[in-house]
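S.K.: Only the shape, not the letters, is given here:
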């Protein structure tokens, strides 16, 4: 169990570091790579959770450094959304990206596997 | 199907991530917590210690940001100081700087697309960009101000080049845009824009409209060149306002020639409704006053200034303190986009401005060689080539929306209006060096040096007030005042085919409205006519701002022989009104008269009772001002019914009627035919109209607000300040801010609440300079920052912050420093 947790933390870190270094688009890339190497039948769900963990960590760091709540209120006002919805969207977005990429990889792998 | 779901979902998410959908920016970069809006929220708080690199810095610069967000810049050379200033202003206000540049240059379509086309077309057709580029091209490159503008640009560009993705302001994300490189020309674009805001108004349109309806004699009386209530800026020694009242000529026959001239002028100036946005002049306006030691409680000169402009977030002003030992040690506010303290103080003097609002533009009918595609224009029998300029308007993606060909004579831009080609000459186009003028102010050490620095200032004309530690106070309405041929009036369209129509020159500085150390012991300006025409009849403009604020501040200062700095602060939001003082007794007398002759009514009695209970102060809690204002509005339309036709509407739908001071002048002739409301069979007189207006005002307020006991009658519910974000996004503005003051008070408020005191400052010129100030907003232009609106609530209450004015870095208390920035060249 600890091993699973540790792997999850590592994956979440990977999402965070890749996003920090290269940008948001690395989320589906990391998820796809994970899906390629992982044997976990729930790899898509795990990828989604870890993406939320990674972005959530970055969001928490932002909040510790500056007025994320204030930004959420202002931006929410601009977009006509409650601040909380924007913050939730910020976590749902990478989750769905990761899930869909991780789900897609085995499907593609299955479709290119040579017929036995 | 289930197998396709992940692929479809991923495709949708990637699309939304990379591409904008409708008005939404791409979600990926927006929500990215490392580089998007959340990270930019983290970046709004400055670290305790920072370093920055600005190429060209000769020696390191120390910038201490205090807890008010004000940068105290300590440099060893002025240009290094401007580099550092450019850097910190860009860090705080980059979007604002570019927005105002684009507005002036007519390049908003590159952000907003087709919907900004008409605005951009007007800007360019007015010659804002053309005039700015001419000035910049002619500017002496060795002048200190040019060097400063370049150094400032270096600082701005250093910030832009060092920006991380998280530093990109929110507005750029929403517009899906990136900042442009800053150049000195952008500062000139900004100055053009300020000239438009402050120095291009045309009260003549109202007069011509009136002339078309009621004839010239009546129109000249209703929109006179000289204010009938004289309380001028240049003291005339009278000790009180003078009422130059006479009998107003009755309405005459319509003047069809005026109608034709009006149509032409109206089209020429379609973008130039009165510079106050069409508001009555008692709803807007700036103030300043200075008190000599003889009237000051501390025996030091005192100075106060509150320029009123459009209220925006971020504020039009940026507060700063610049120290270069032996050269400059000045604090105050400047414009984001330009180096220098525009309003402020140094170790010897303090200064501030109000707008003069003089007539500094004229129109000429040009004779061209070909009406549809002219290439030449006639001047004194000789064809001269027109300057042509092709303007291209682009969308954000670079595609072309439209192109215009603009034409320019030696006077200025030329436009085709109703079959005529008209050119405009405007002092804002004149060769000038306003940047050098403003920068020189910080170096002045006395009133005389300050006045010398402003001696050749051109535009927009400003009532500059200055005081020094020696106890001198002075005011001068500085700028270029054209000397026109003939009768010298500026409210006609002249024949452009002859050079004899051109300006003959400009008034010499010794003929400017001026006052220094007057016996009365104070000086004050509130946009009123600057000089008593009996002292100086030179034409400088017409239809000046209402005299109410001037009357009020003069009355307050005359009555106070021992003014304190705090009194100066309180006067800036004084709720008293000379306008109400004059009109309320008239309404009450009319009501009493109606009762006495049996024409009273229950409503009139009730309205009269409410009005009589009012102390004529526009404090938030009062419940009478709302009735008074409704009665005044009705009084204007009822009295001037001869002018209230469908054509008497400005572009904004506001009725362009004579100022209330003209209505007050009319009250001296109770049976004038003007009082008769032509829409009724009865022949009304003054008191009948006043009483009817009071009842109508009562009905209006009850219908809108309910019974008088309702909270909706409270003034704080009726008049609010609405401080709009530059992009007019409500969520980024501060709307509905309750403020004290009303029409004609020293803190005037308009119906829309979008104009007000953009800056308030009080300075005591003692052995040690003490200053207090505030503006409605904060130093940061980042909406998420705590410094975006941190000053707003205190501003609304009329409070001022004490300004920190350290001579050295060590003089700034450590606990007041929130961030230290060290700037080097590498």
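M.R.: Received the coordinates, thanks. All of these numbers come straight from a predicted model, not from anything done at the bench.

S.K.: So what's the residue count around the nearest residue to residue A:13 once chain neighbours are set aside?
M.R.: Distances taken as CB to CB, 6 or more residues apart in numbering or on different chains place residue A:54 nearest to residue A:13, at 6.7 Å, with adjacent residues excluded. Using the backbone N, CA and C atoms, a C-beta is placed for each residue, glycine as well. Counted by other CB atoms under 10 Å in any protein chain shown, the residues lying close to residue A:54 total 28.

S.K.: element containing residue A:54, please.
M.R.: Residue A:54 belongs to helix A:43-65 when assigned by DSSP states H and E.

S.K.: Residue B:463 bridge partners, please.
M.R.: residue B:354, residue B:477 (DSSP bridges).

S.K.: in the chain, which ranges drop under the pLDDT threshold?
M.R.: Picked chain A for this. Regions of chain A meeting the criterion pLDDT under 70 cover residues A:109-116.

S.K.: Actually, chain B is the one I wanted.
M.R.: If you take pLDDT under 70 as the line, chain B has these spans: B:1-3, B:200-204, B:259-283, B:543, B:645-655.

S.K.: Closest approach to chain A from it, which residue is it?
M.R.: Nearest to chain A, among the residues of chain B, is residue B:731, at 2.4 Å (CB to the nearest CB).

S.K.: need the contact list for the residue lying closest to that residue once chain neighbours are set aside.
M.R.: Nearest residue to residue B:731, sequence neighbours excluded (CB to CB, 6+ apart): residue A:77, at 2.4 Å. By CB atoms under 8 Å, 6 or more residues apart in numbering or on different chains, the contact set of residue A:77 is B:729, B:730, B:731, B:732.

S.K.: Which one of the residues you listed sits in the busiest neighbourhood?
M.R.: residue B:732 (21 neighbours).

S.K.: which residues touch that residue?
M.R.: A:74, A:77, A:78, B:170, B:313, B:725, B:783.

S.K.: near chain A, which residues of the stretch 701-826 of chain B show up?
M.R.: B:729, B:730, B:731, B:732, B:783, B:784, B:785, B:786 (CB under 8 Å from any CB of the partner chain).

S.K.: Now for these: which two are most distant?
M.R.: Spatially, the most separated pair among those is B:730 and B:786, at 20.4 Å (CB to CB).

S.K.: Need the contact partners of the strand or helix carrying residue B:147.
M.R.: If you go by DSSP H and E, residue B:147 is part of helix B:144-162. For helix B:144-162, contacts defined as CB under 8 Å, 6+ apart pick out B:52-56, B:78-80, B:82-91, B:94, B:97, B:139-140, B:179, B:181-184, B:186-187, B:338-340, B:433, B:435-436, B:438-439.

S.K.: Mark which of those are part of strands, please.
M.R.: B:52, B:53 (DSSP state E).

S.K.: hang on, isn't the residue nearest to residue A:13 packed against residue A:12?
M.R.: Yes - assessed by CB atoms under 8 Å, residue A:54 is found in contact with residue A:12 at 4.4 Å.

S.K.: Neighbours of residue 65, how many?
M.R.: All of this refers to chain A. So residue A:65, with other CB under 10 Å, has 16 neighbours.

S.K.: that answer is for a different chain, and I need it for chain B
M.R.: The burial count for residue B:65: 25, using other CB under 10 Å.

S.K.: residue of chain A with the smallest distance to chain B?
M.R.: Closest contact between chain A and chain B, by CB to the nearest CB, is at residue A:77 (2.4 Å).

S.K.: tell me which residues in the helix or strand that contains that residue are buried?
M.R.: In the assignment (DSSP H and E), residue A:77 maps to helix A:68-79. Within helix A:68-79, the residues scored as buried using 16 or more other CB atoms under 10 Å in any protein chain shown are A:68, A:70, A:71, A:72, A:73, A:74, A:75, A:76, A:77, A:78, A:79.

S.K.: Fine by me, we can end here.
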